[in-house]
Structures are given as C-alpha cells and as structure tokens.
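**Q** Show me the folded form of this:
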Amino acid sequence: MSPLTRLPFRFRPRPALALWGLVLALAGCDGTSPQTPPAQDAGGCVQGNCPQPDSGTAPLPSGAHVRIAAYNVHRLFDTVCDTGSCGGSNYEELPTEAEFQAQVAQLGPAINALQADIVMLEEVETQQSLDGLLARVPAYGYSMLGETYSPASVDVAVLSVFPIIETRSHRNQYIIKPDGSFTRFSRDLLEVHLDVDGRRVIVFAAHFRSKVNDDPDRRMAEANASRIILVESAKEFPDALVVLGGDLNDVPGSDPINAMDESLLRVGRDRPDSATWTYFYSGRGQAIDHLYLAPNDGGAYVPGSFRVARDPNGGYGGSDHGAVYADFVLAAP
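**A** As a prediction, this is how the structure comes out:
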C-alpha cells in the first residue's frame, strides 16, 4: 500500500515509553484472559445517558486528552432499495422516512451523551444514512464513511470534533488466513488521521467478520492484519496516538482477541469483567466491542477510564450493542 501525502505537524516528539510501560502495568497486561461475565452483572454504567465515568475512576491527568468511542449503531439503512430485494426477510431493510428519522432520533442523543471527541461507528449503510445521523450530532463537524461500494453494505465511519487531515482505506488489502489462503477485510478497516490541537491522532474503525454463517479463519486474518497495520502505523508516526475501535465479534480469550493482545493494549482489560460486556447473547453478556492502543510515544490510555454505555436492556440508543469509550492523554508537544 502506498502511503498518501502527509501534512507536516507542529510539534517535536518527546519520549513516552516509560509512560507506556506504566500504563501496561496498571492495565493488567499479564497474559491472562478474562472470562465472559454473566449478563446480570451490568457494571457501573447501565443507564442510557451515562457519559461520565462512574465512581472509582481515576481523575484525568493534566495536559491534553481525548475521549474516543466505538459504537455499532445496528443496521442504519437509508430509505433507498439498492439491492432490489428489500424489507421482510431480505437482508436489506427499507425503512420509511419516518422510521429512519425515528432511528437517528434515538442514536443521535446516545452518541452526544458519550461526550466523546472521536466516535467510530459500525453498520452505516451509505453516506445518506450517515448524513441523516450527522443532522442529530451537530458537534461532530468532521466525518468519513468507509464505503465498500457493494449494495446494502453496512460500513464503518468516523465522527470527529477535530479536523480530518488524511484518510487511508484498507478494504482492498489482501490478508492471510491461518491456512495460507488470501482474503480481504469484511468491511473497510478505515484509517483516519486527525489534527487534535496540533497533535496527530490516528483512529482505525473496525468491524470484523460476524458469526452468522461463521468464517472464523477470516476473523483471525482480520485480527492478525489489524495488529500488524496498527504497529506499523505507530512506528511510522511515533508521536501520534494510534487507536483501533469497533465490533470485533469475538470475546477476550478467543484466538482473534489473543492475537490482537500480542502487541496492542486492549484498554478495557483493567476493568472488571462485569463492566465490559457490550452484547447480550444466549443469556450472557459478551465483550465483543473493543478499543486498542498501539505502543509508541504519542500518548497513553488513562487507566480505569474504559466504560460501556448501555441501557437496562443491554443495548444503547436503540442498538443491540453498548457503546465503548475511554480517555487518552496525549504526549506533550
């Protein structure tokens, strides 16, 4: 992949590897894998509008920081039938204008309540879908859709209060399955670079292969490729904060999540199991939505700040997923 032209940044890097090591220690990166929690243990953030960390969260350190979130909004289809077979038992839904507006009317306040500076979204069908949502979240003046250009695709997107200075798509990149065969990402691994008050922040919006008609080898390929891409990005931009977020469709202790954990910090691992589940399935809460930080000198996770926003039924804002978010401190310029 050829890198795109990059804009010069206005600060000089300062070493922060010691800070990274401290964060790894505080976050409990000891190689153990938490177990899937029972759904009845909802954790400290169960109300529909719980943007503030619950009691026990460490205060934010001094200096610049950002809050980054990831949220599967659940099949945000527009009002146009792209496949010619819509509604009913067909995959592509065809909401009326009133139904679409009702959906974004739920999602918008839920996103606003997170008080996040950057939000990575999953399951957004088209730019029209995204535009309808953007009308409900006016604080996010910058956005990008990771369109895969197939009819009725549910894609990833990024919303930001900070300017976008560069984007890279990984949708056409070949990735390797465990058996040596090649595949591609199920959706785009959308890479978005942002100017956060003179600092570069890079986010990767991800949505790995679902377990419907499962292809676990493809999900494993996505995990391995994502890990490599993030590590390379952190090396290319050693003074940038590099974060991946999204619905990875697997839980801690699974092979894909273990693969991600090899070189990246899963920021939720320092929180109790009961507070990290994001999806309710077969009577259990499962942690399948995640945030990851790549190691470099660009910044650090604020230990204890990872949270899941969810309604009493386990979803959030009308989605069947909770939204995950965490705070990150940026390296000094």
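**Q** So for this protein, the centremost residue is which one?
**A** Note on the chain: the residue nearest the mean C-alpha position is G245, at 2.2 Å, using Cα atoms, centre = their mean.
**Q** hang on, isn't V302 packed against L330?
**A** No: using Cβ atoms under 8 Å as the test, V302 is too far from L330 to be in contact (10.9 Å). From N, CA and C alone the C-beta is placed, and that goes for glycine too.
**Q** Spit out the residues that contact those two alike.
**A** The contact sets of V302 and L330 overlap at H65 (Cβ atoms under 8 Å, 6 or more residues apart in numbering).
**Q** quick revisit: for the residue nearest to the centre of the chain, give its distance to M260.
**A** 12 Å (Cβ to Cβ, to the nearest Å).
**Q** Quickly list what's touching both of the two.
**A** H290, Y292.
**Q** ok, then the element right after the worst-scoring helix or strand of the chain on mean pLDDT?
**A** Ranked by mean pLDDT, DSSP states H and E, the helix or strand of the chain with the weakest confidence is helix 17-27, at a mean of 38. Counting by DSSP states H and E, the element after helix 17-27 in chain order, helix or strand, is strand 65-76.
**Q** Report the angle between the helix or strand that comes right after that following strand and strand 65-76.
**A** As assigned by DSSP H and E, the chain's next helix or strand after strand 65-76 is helix 97-113. On the basis of axes from the mean of the first three to the mean of the last three Cα atoms, to 10 degrees, helix 97-113 is oriented at 160 degrees to strand 65-76.
**Q** Packing partners of helix 97-113?
**A** Applying 3 or more Cβ pairs under 8 Å, 6 or more residues apart in numbering; DSSP states H and E, one finds that helix 97-113 contacts strand 65-76, helix 127-134.
**Q** I'd like to know which elements the helix or strand that comes right after the last one is packed against.
**A** Which is helix 127-134. Per DSSP H and E, the first helix or strand lying C-terminal to helix 127-134 is strand 142-146. For strand 142-146, the elements it packs on are helix 127-134, strand 155-160, strand 164-168, strand 190-196, judged by 3+ Cβ pairs under 8 Å, 6+ apart.
**Q** closest one to V66 among those?
**A** strand 190-196 (5.9 Å; Cβ to Cβ).
**Q** Please work out which residues outside that closest one touch it.
**A** By Cβ under 8 Å, 6+ apart, strand 190-196 touches 6-7, 9, 64, 66, 117-118, 142, 144, 146, 156-158, 160, 162-170, 200-205, 229, 233, 240-241, 330.
**Q** Just the buried residues from these, in PyMOL please.
**A** To isolate the buried members of the contacts of strand 190-196 in PyMOL, using 16 or more other Cβ atoms under 10 Å:
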select buried, resi 9+64+66+117+118+142+144+146+156+157+158+160+162+166+168+169+170+200+201+202+203+204+205+229+233+240+241+330
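**Q** Pull up the gap between A323 and I118, please.
**A** Per Cβ to Cβ, A323 is found 13 Å from I118.
**Q** shared neighbours, those two?
**A** A69.
**Q** tell me, which helix in the protein spans the most residues?
**A** helix 216-236 (DSSP state H).
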